[in-house]
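S.K.: Structure of the sequence below:
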Amino acid sequence: MIEKTNETTSKENSTFQMRSAVKNILSDAISDSVLKVSKSAIKEGFQVHKIVVNLVKDAVMKSSRIYVIFKRIESDGSQIIFSEPSVEEIEKENFDKTVKLFLITKKSISEIQDMISNVSEVESVSVENFDPDGSQMPEVSTITKVSSNSSAIKALLIEIGKQTYAIPLSDVDRLIYVKPENVKVIGNVKVVVIKNEIIPLMDMREYFGEIGNSDACANVMIVEYRFMKYGLIVDEFIRQDEIVIKTLGKMFEKTKALRGGSILSNGAVALVIDIPSLVESFFQNLVNTDMQGRRS
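M.R.: Next comes the predicted model:
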C-alpha cells in the first residue's frame, strides 16, 4: 500500500477545491437546463464545446456574421444550446463584439475552429471542451487572426464590367448559369426559381453603373444573408484566391456595398463586396424607386 505524503494530500485538496470552485461558478453562470442537457449529451457520446467568438472592432453587420457562424456549426446536426447574448439581442445587434456559445456536437475542437475562423470579420475564436461536472481540466484552443488593420480571407474573384471584385467565400453558396427565359419579374424585382425556391436577382452591372446585356445568359453567384438566398448577376467568374483586405480611401465612402480593396498578385486592384451591406442597400434602392413611382 502506498502512503500519501502531506504534500500529495495538500495538492489533491487544492485541486479538489479548485474544481469545486469552477463547478460553483459554472452553476451560477449557466442555467440548470444547460447543465442537464450537457450531461445527457455527453452520456450519449457527444461533446460539449464552449465557444467564445470575438469580431473585429469595426465589424459591419455584426448580427449577420454571427448568423453565418450559427448556420455553419449547426449544419451537420450539431446544436447550440446556449448563447450570450441571446438570439434576440444578437438580432438587435445589442452587443459589443463578443459572443459566447455552448455547442453539442460530434466535431472536434479544430474542426469547429476552422468553420468559424474563416468567417469574415472574426478576429479570434476560442473553443474548449466543457465538463458540466467540473471534474476535468478543459482542453482549450484559441486562434487569433493576425493584424487588426487587414485580414486575409479566401474569396471568389469576379468581373463586373472591366473591374475585378472579390466576394468572401464564406458568403458564397454556389455558382449557376441562368438563361434569360428562366428569369421572372415579381413586382419590380427579377427572380429565378431553383428547386422551388424563389431567389431575388441583383444585376451587379446595373448596381455599379456598368454596361451589360440583360438579354444574354447570366453568370449568377448565389449568396446568403440572414438565412435567405440572393443571386448576383456578374459578367465572369475568375478564380478563387486568398486576399488581404485594406481600407479604401474617401472616394469610396459613399459606396455602401464595398468593404475594402485588395492588391492581387498581378498588381490589379480588386474591390471587396460586403454582402450584408449590398443586400440592405439594394432593397433600400428598390423601396426608394417604388415610392418615387407612386408619387409620380
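S.K.: tell me what the helix or strand hosting residue 110 is packed against?
M.R.: Here residue 110 sits within helix 109-117, counting by DSSP states H and E. Identification of packing neighbours for helix 109-117 by 3 or more CB pairs under 8 Å, 6 or more residues apart in numbering; DSSP states H and E yields strand 47-55, helix 62-73, strand 122-129, strand 140-144. C-beta here means a position set from N, CA and C on the backbone, and glycine is covered the same way.
S.K.: try it again with 10 Å
M.R.: strand 47-55, helix 62-73, strand 98-105, strand 122-129, strand 140-144 (3 or more CB pairs under 10 Å, 6 or more residues apart in numbering; DSSP states H and E).
S.K.: The first one pairs with which strands, parallel or anti?
M.R.: Paired strands of strand 47-55, with direction, are strand 98-105 (antiparallel), strand 122-129 (antiparallel) (DSSP bridges).
S.K.: and these, which one's lowest on average pLDDT?
M.R.: Within the strands paired with strand 47-55, confidence is poorest for strand 122-129, with a mean of 88 (mean pLDDT).
S.K.: pLDDT weak spots in the stretch 101-250 of the chain?
M.R.: Filtered on pLDDT under 70, the stretch 101-250 of the chain yields the residue ranges 134-151, 211-216, 249-250.
S.K.: For the closest residue to residue 71 other than its chain neighbours, give me its contacts.
M.R.: Leaving aside its chain neighbours, residue 71 sits nearest to residue 227 (7.1 Å; criterion: CB to CB, 6 or more residues apart in numbering). Neighbouring residues of residue 227 by CB atoms under 10 Å, 6 or more residues apart in numbering: 67-68, 70-71.
S.K.: So which of the residues you listed wins on neighbours?
M.R.: residue 68 (27 neighbours; other CB atoms under 10 Å).
S.K.: Thought residue 170 was touching that residue, still the case?
M.R.: Yes. Using CB atoms under 10 Å, residue 68 is in contact with residue 170, at 6.2 Å.
S.K.: what pLDDT does the residue nearest to residue 281 when sequence neighbours are not counted get?
M.R.: Nearest residue to residue 281, sequence neighbours excluded (CB to CB, 6+ apart): residue 256, at 4.5 Å. With respect to pLDDT, residue 256 scores 74.
S.K.: in what helix or strand does residue 256 lie?
M.R.: Here residue 256 is assigned to no helix or strand, by DSSP H and E.
S.K.: Can you give me every residue that contacts it?
M.R.: Residue 256 makes contact with 60, 274, 277-278, 280-282, 284 under the criterion CB under 10 Å, 6+ apart.
S.K.: Pull out the buried residues from those residues.
M.R.: Neighbour counting over the contacts of residue 256 (16 or more other CB atoms under 10 Å) leaves 60, 274, 277-278, 280-282 as the buried ones.
S.K.: ok, these vs residue 199, which is closest?
M.R.: Closest approach to residue 199 among those (CB to CB): residue 282, at 13.3 Å.
S.K.: Doesn't that closest one belong to a strand?
M.R.: No. Residue 282: not assigned to a strand; according to DSSP: H, G, I helix; E, B strand; the rest coil it is helix.
S.K.: ok, now which ones touch it?
M.R.: 189, 200, 202-204, 207, 230, 232, 256-257.
S.K.: Scan those and report the most crowded one.
M.R.: Greatest neighbour count in those, by other CB under 10 Å, goes to residue 232: 27 neighbours.
S.K.: Tell me where the stretch 101-250 of the chain has strands.
M.R.: Residue ranges of the strands in the stretch 101-250 of the chain, as given by DSSP state E, counting those that start in this stretch, are 122-129, 140-144, 151-160, 163-168, 172-178, 183-186, 189-194, 197-203, 218-225, 228-234, 236-245.
S.K.: how about TSV for those, with distance to residue 96 added?
M.R.: Listed next are the strands of the stretch 101-250 of the chain as TSV, based on distance: least, CB to CB, whole Å:
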stretch	distance to residue 96
strand 122-129	12
strand 140-144	17
strand 151-160	19
strand 163-168	22
strand 172-178	28
strand 183-186	39
strand 189-194	35
strand 197-203	31
strand 218-225	22
strand 228-234	26
strand 236-245	22
